[in-house]
Structures are given as structure tokens and as C-alpha cells.
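Novice: model the structure of this input:
(one chain, ligands or ions: 2)
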Amino acid sequence: MSEIIEGHCLCGNIHYRLANKPLRSHLCFCTDCQKATGGDRNHVATIAIEDFELLAGNLNIYEATAASGRITERAFCSDCGCNIYGAVKELGGMGVNVPCLNNPQEYPPQAAVFVSQAASWSAMPEGIPQYPEMPSYENDFAE
Ligand SMILES: [Zn+2]
Ligand SMILES: [Zn+2]
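Specialist: Ligands and ions are numbered 1, 2, ... in the order given. The predicted model follows:
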């Protein structure tokens, strides 16, 4: 029996379903995530873009251009502003905001990425690998 994985934003208007279990989750310390979340890290679970199904609510989309030139589509709830996902269409993958998933405890972070951009006071979790930028697994969904 496969579990149905769904998520909701802070106000509850955004409701979505994931067609598959996330491949992994990681903590992102990039400065864009810091700005988007208001924290020193963003906890995201990696899925294929086509596995995200919006069931209800309106997303505000902002296209952020990373230093690499790659565009990340950042989606927020149009009502409460909650961070929903960041999608890199070029790579076919997206990171959904783990705290919005119905069972966030099931997705402990397995890596810390973009630690080169972390705040000097950020405490790194122990026991998981740290990468200065995004490791090569960003190509999970590439052809
Ligand atoms: Zn909302
Ligand atoms: Zn980031």
C-alpha cells in the first residue's frame, strides 16, 4: 500500500499531492532560500516536477535567476505567502517545502547543500554530508 503524500500551506488554501515518495530531502543554505524562508536554511524534499499536483489554491510564482544562470521557479501561497516549492524546469526536478508535508518527520535531511553561502553562525547538523554548492545529484531527473 503506498501512502498518499499531501501538503498544505500555512493558511490551508494550498493543497497538493505528490505522485511518488520524495527521493530524499536536504537542507539548502543558499542566500535565495534564506530570503525566501526568513531562516538560515530551507528544508526541501526532492521530487520530479510532474509528480506535483496542485489540488486547490492559487500559487504566486517568482522566477529567481541563480548565480549559475539557471532559473528557479519559486512558488508561494497567494493568500498566506507560505513557501511551497522551488522548481528547476531545466533539470525536471523540484524541492517541496518539507514542513508543509503531512508527515514532515518522515523526511529527515540527508545532506546540507550550498553551505558556502551559509550564515557564519549557522549550526550544521551532524552525521550528514555537507556540500559547498549543489552536488551532482541535481541531475536526478535529467535525460
Ligand atoms: Zn496559504
Ligand atoms: Zn537554496
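Novice: could you point out which element follows the lowest-mean-pLDDT helix or strand in the chain?
Specialist: Sorting the helices and strands of the chain by mean pLDDT, DSSP states H and E puts helix 31-37 at the bottom, at a mean of 93. Counting by DSSP states H and E, the next helix or strand C-terminal to helix 31-37 is strand 42-48.
Novice: what lies in contact with the next helix or strand after that following strand?
Specialist: Next along the chain after strand 42-48, taking DSSP H and E as the criterion, comes strand 52-56. Residues outside strand 52-56 that contact it (CB atoms under 8 Å, 6 or more residues apart in numbering): 6, 13-19, 85, 87, 94, 96. Where C-beta positions appear, they are placed from N, C-alpha and C, glycine not excepted.
Novice: only the buried subset of those, as a PyMOL command please.
Specialist: Here is the PyMOL command that selects only those of those that count as buried (16 or more other CB atoms under 10 Å):
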select buried, resi 14+16+18+85+87+94+96
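Novice: what two of the contacts of strand 52-56 are the furthest from one another?
Specialist: 13 and 19 (21.3 Å; CB to CB).
Novice: any weak-confidence spans in this structure?
Specialist: Across the chain, the ranges flagged by pLDDT under 70 are 1-2, 136-143.
Novice: those strands in it, which residues are they?
Specialist: 5-8, 15-18, 25-28, 42-48, 52-56, 59-65, 71-77, 83-88, 93-97, 112-113 (DSSP state E).
Novice: and for the closest residue in space to residue 71 that isn't next to it in sequence, the neighbour number?
Specialist: Counting by CB to CB, 6 or more residues apart in numbering, residue 63 is the residue found nearest to residue 71 once chain neighbours are left out, at 5.2 Å. Neighbours of residue 63 under the rule other CB atoms under 10 Å: 10.
Novice: among the contacts of strand 52-56, which are in reach of ligand 1?
Specialist: residue 13 (CB under 5 Å from the ion).
Novice: now distance to ligand 2 too, for the contacts of strand 52-56, in a markdown table please.
Specialist: Conversion of those to a markdown table gives the following (distance: CB to the ion, whole Å):
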| residue | distance to ligand 2 |
| --- | --- |
| 6 | 23 |
| 13 | 24 |
| 14 | 20 |
| 15 | 24 |
| 16 | 20 |
| 17 | 24 |
| 18 | 20 |
| 19 | 24 |
| 85 | 12 |
| 87 | 12 |
| 94 | 12 |
| 96 | 13 |
